[in-house]
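>>> this one's structure only:
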């Protein structure tokens, strides 16, 4: 069995004499047959002190291979080291002659090489006894990465020194990767990323330039781990890291003169699903904006992982130096704040840091602290918004909407506290309370003789990801005694698309126990007709963004009409959200939308007021459907 090929040892030889360089070739290059090789051997006597005939035997299959580069001057050697670093093929060992007239000497080259590559092993070679190692070590620290050879020396000595120094170099690189690089993605870890940012900041400040830091978080990543397992989560992280890296390795127009220049940026993993990008030498925030757009576009492309299709989006916060900070801690803190605001505003977007965000984060921490215990203190309540049957003006159902009132904070808007509940995991117990409370209330209305056809309850992603989700729903129905067919669960497209196969199975199980399902915010996600055909759904809820401007733009009208037609083709119901004007209502009626809800029809009401609306709906009224709708909203 053939032994595996060993990685060649990268060696740089620097000597101003061609004969000396040729003698090195006898050690590091593959042996050549014939007289030319014999001629080369004879040159070794000048370097090896009369032992040219005793060259190392490198014909063994187990012998190490070398990848050697030869330079005749100090300046070309420094350029070779830079080129090797740029190609990500650094040298392990440099054999460097001290005296190389008429240009810079070897000590000058060693100091420049050390600045470029602090890890490389340098062997100083000289035929002069007046070279002081202590003096060279002081100019080219550290001492433990400098070795010395005095000419003439034996070829075996050169070869064994190269092997020993390369082994030391590889061991140190391995330890450095363990200490400073993430084992999953291969990216610089938090400590190394901070160090690189610190260095980039110093250079930026010296040059009087601008630098951007991007704080990147993958939206809903925890849900992927919970539903598909950590192995799939690891694959998502690796794919995301690869896409981020490829998106950064692109030529961009960052120069004020309009020329194309390479600005690869620097990428690191801060931990979990958080990454950091450094963009040095930018001319304005527009440069960071362009890169952020590209990163988002790359990440949100569907990922084909084993048997799963995963769609994930990144939220990005951007801080600019020196405007938003001049040190690592403040820039990362401000980037993190901006990322949170981007995620809160719209997942899959980016935001630049603004000083007002500090006040917003303080408010967030306050809300989080008060939210813990809100359920036990009885501060949570449900309001109910009617869903109106467009053809008759009857109440088709009620949607339960969560509300929170705190003694100190007052009424806290859902958009302020629900994302925090989801981020902290508080949404699990709160969501279970919402489900049971809504079912209890509807059962009570039914016992009073009020006509309630269904109650719609919003389900958070963490709830949908629970392995026992169907059992939790069934237990709530059994405990409250509500007829299963009266409960409708509203889930979003993105929740379904995280794991389509699991979602298909889960929705089928819900249907099997009589519970109906609506796709909320439809039109804002990634569903397509073919995927929806395989899902056991009963209704689509058209997102309010398509209803808002129905009377103003033809595009929104076309999209709304298309969504209604999709529902018809799927043979499922359609509910339009956010109806606030009669113009919108007329459009939906003309296009045969099944149901609608919104402020025009009724705001979300406390249980006592919702009960009055239900009573009014049972009273005899002979007016038109529009008059009936107006009467319900009085």
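In hand now; what should we look at? Everything numeric here is computed off the predicted structure, so don't read it as measured data.
>>> in the chain, where's the longest helix?
With DSSP state H setting the assignment, residue counts place helix 155-180 as the longest helix in the chain.
>>> now for that one, which elements pack on it?
Applying 3 or more C-beta pairs under 8 Å, 6 or more residues apart in numbering; DSSP states H and E, we find helix 155-180 packed against strand 9-14, helix 18-28, strand 93-97, strand 121-126, strand 146-150, helix 190-207. In this view, the C-beta of every residue, glycine as well, is placed from N, C-alpha and C.
>>> helix or strand for the closest residue to residue 14 other than its chain neighbours, which one?
Using C-beta to C-beta, 6 or more residues apart in numbering and skipping residues adjacent in sequence, the residue nearest residue 14 is residue 77, 4.2 Å away. When elements are assigned from DSSP states H and E, residue 77 belongs to helix 74-86.
>>> show me what that helix is packed against.
strand 9-14, strand 66-71, strand 93-97, helix 106-116.
>>> where do the helices sit along the stretch 351-500 of the chain?
Here the stretch 351-500 of the chain has its helices, by DSSP state H, counting those that start in this stretch, at 356-371, 414-424, 427-447, 461-465, 469-480, 493-498, 500-512.
>>> picking up where we left off before, least reliable of the helices and strands packed on helix 155-180 going by mean pLDDT?
When the helices and strands packed on helix 155-180 are ranked by mean pLDDT, strand 146-150 comes last with a mean of 82.
>>> buried stuff in that strand?
Neighbour counts over strand 146-150 (16 or more other C-beta atoms under 10 Å) mark 146-147, 149 as buried.
>>> who does that strand pair up with?
strand 121-126 (parallel) (DSSP bridges).
>>> contacts for the strand it pairs with next, please.
15, 92-99, 106-107, 110, 113-114, 131, 133, 136, 140, 145-151, 161, 165-166, 168-169 (C-beta atoms under 8 Å, 6 or more residues apart in numbering).
>>> one step back: now the angle from the helix holding residue 77 to strand 9-14?
160 degrees (axes from the mean of the first three to the mean of the last three C-alpha atoms, to 10 degrees).
>>> mean confidence for helix 74-86?
92.
>>> from the middle of its chain, how far away would that helix be?
35 Å (C-alpha atoms, centre = their mean, to the nearest Å).
>>> give me the buried stretch members for that helix, please.
For helix 74-86, burial by neighbour count (16+ other C-beta under 10 Å) applies to 74, 77-78, 80-81, 84.
>>> repeat that for stretch 286-301.
Buried-residue list, stretch 286-301, by 16+ other C-beta under 10 Å: 287-288, 291-292, 295-296, 298-300.
>>> do stretch 351-363 as well
For stretch 351-363, using 16+ other C-beta under 10 Å, the buried residues are 351-353, 357.
>>> same question, stretch 328-345
By 16+ other C-beta under 10 Å, the buried positions in stretch 328-345 come out as 328, 331-344.
>>> may I ask which two of those residues are separated the most?
Pairwise distances among the buried residues of stretch 328-345 were taken by C-beta to C-beta; the largest, 24.7 Å, belongs to 328 and 344.
>>> check which helix or strand residue 585 maps to.
Using DSSP H and E, residue 585 falls in helix 582-590.
>>> and that helix, what does it pack against?
helix 554-570.
>>> before we move on, back to that, TSV please, covering the helices and strands packed on helix 74-86 and showing mean neighbour count.
TSV is the format used below for the helices and strands packed on helix 74-86 (neighbours: other C-beta atoms under 10 Å):
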stretch	mean neighbour count
strand 9-14	24
strand 66-71	20
strand 93-97	26
helix 106-116	20
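>>> distance to residue 426 for the ones you listed - can I get that in JSON lines?
Listed next are the helices and strands packed on helix 74-86 as JSON lines, based on distance: least, C-beta to C-beta, whole Å:
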{"stretch": "strand 9-14", "distance to residue 426": "55"}
{"stretch": "strand 66-71", "distance to residue 426": "58"}
{"stretch": "strand 93-97", "distance to residue 426": "58"}
{"stretch": "helix 106-116", "distance to residue 426": "52"}
